[in-house]
Structure formats: C-alpha cells, structure tokens
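J.: just the structure for this:
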Amino acid sequence: MIKPFFIKFNVLYLGGLFLALLFLAALSLSARPPFGDSFFWKTKYLDGMVIAAVYMFLLILALLSWFFSLWKTWKLTKSDSVTNRTRLLAFGWLIGAPVFFFFTAIYWLSAMRLITDFLVTVL
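T.: You can find the predicted model right below:
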C-alpha cells in the first residue's frame, strides 16, 4: 500500500517541485550579474519579480506537500511498534533528502546554471 503513494507522490511529485524550484532559483541567480538585483531585474521576456513570486508560491506548495507526505506516510506505515523497517526507510528518505539538498545546494545551483546561463544570455 505504501509503495504506489511513496513513488508517485513523494518521489515524482516532490522531486518535480524540487526541480522547478531549482530551475527558478538558478534562473534568478544567473540573471543577477547582467540585470541587477535578483528580485528587481527585468528584460523584454523575463521579470525578476514574477519569477520571485512564482518561486515563493512553489516553495510554499512544496513545504505543504512535504508536511502532507510526512503525515500520509506515517498513516500508511502503521504497525504494532512506533518504529519499523518500512517507516524508518520512508522517513529516512523524506527527512534525509531535504537535509542532503540543503547542504549541497550550491552544487545543484551550479549544475542548473549550465542550462539557465544560456537562457539569460539569449534573452
């Protein structure tokens, strides 16, 4: 019962939100040097304030989704004891992955800038 929810929601949906947030953060970071402050830069096709608003909306959505996935995973891994193998693996992923991304965020942004630097120079 946990496997379809865990893969569909926790991995695909939250992973998709992570990639969208990473793309917007890298785009904002890439646009900072040529166009000024990351929140107020503006080009013919891109506006930094719009990107910041979308970023904040997705960040709030991702945080609420993460809390929902914690709650739903706790409910789906019921057992006689508080800790079991399935629950430890699921929560290890749900708590460990964000901690890993937090401590390696600059490397993720650097990798995504390979794509977004091209977009900023073209626009």
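J.: pLDDT score assigned to the residue nearest the centre of the chain?
T.: Of all residues in the chain, the one closest to the mean position by CA atoms, centre = their mean is Phe18, 2.1 Å from it. In this prediction, Phe18 carries a pLDDT score of 82.
J.: what does the one 3 residues further on give?
T.: At Leu21 the predicted local confidence, pLDDT, stands at 81.
J.: please apply the same query to Trp66.
T.: So, for Trp66, pLDDT stands at 85.
J.: and the gap between it and Leu94?
T.: Using CB to CB, to the nearest Å, we find Trp66 at a distance of 7 Å from Leu94. Using the backbone N, CA and C atoms, a C-beta is placed for each residue, glycine as well.
J.: buried ones in stretch 43-52?
T.: For stretch 43-52, burial by neighbour count (16 or more other CB atoms under 10 Å) applies to Leu46, Gly48, Ile51.
J.: rewinding a little: give the buried residues for the helix or strand where the residue nearest to the centre of the chain lies.
T.: Assigned by DSSP states H and E, Phe18 falls within helix 14-35. For helix 14-35, a neighbour-count test (16+ other CB under 10 Å) marks 14, 17-18, 20-31, 35 as buried.
J.: having no further points to raise, I will conclude here.
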